[in-house]
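1. sequence and computational prediction follow.
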Amino acid sequence: MPNAKTFTLDELCTLSGCPRRTVRYYMQLGLVARPIGETRAAHYLSAHLDQLLQIRNLSDAGVSLERIREVLSGEAPPVPPRRRKPGSIEVRSHLFIADGVELQIAPDEAGLSPQQVRALVHCVLAAYQDLQGKKS
């Protein structure tokens, strides 16, 4: 992997949204692989970032670290997707784009953070405006 993207601990923390102390704790527990190299020369790969993001998503969903360890080792996901039942209530974001054009988003179901929802909204609005410009 000579061309693989590497990250410093600070970059890894920024990208994953996890504090340094938490990343080190996850390594100590064996949830995240050790870095490549040691001390200041240590670096991390995208696999480390993937591990942290998966841990963070599961943790945000209320899954215990013990169960996260099991999931990371290949066991079945902790919670099967819920089937919608008649009369169930769901919270969705409704984006009005233009007359006759609307977008409905269920952020939790889509697995999107608030920042990702905002980015999606901006992209959709820009794409619609671009289509309108080409139509003229």
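-> Alright, I've got the coordinates.

2. now do the same for the residue minimising distance to the centre of the chain: helix, strand or coil?
-> Central residue of the chain (Cα atoms, centre = their mean): residue 53, 5.6 Å from the mean position. Residue 53 carries the three-state label helix when classified by DSSP: H, G, I helix; E, B strand; the rest coil.

3. does it touch residue 16 like I think?
-> Yes. Shown here, residue 53 and residue 16 form a contact pair, counting by Cβ atoms under 8 Å, at 5.8 Å. From N, CA and C alone the C-beta is placed, and that goes for glycine too.

4. before we move on, back to that, list the contacts of the residue nearest to the centre of the chain.
-> If a contact means Cβ atoms under 8 Å, 6 or more residues apart in numbering, then residue 53 has residue 16 as its contacts.

5. show the pLDDT at it.
-> Looking at residue 53, its pLDDT stands at 90.

6. now do residue 57
-> 86.

7. shouldn't it be in contact with residue 108?
-> No. Assessed by Cβ under 8 Å, residue 57 is found out of contact with residue 108, at 11.1 Å.
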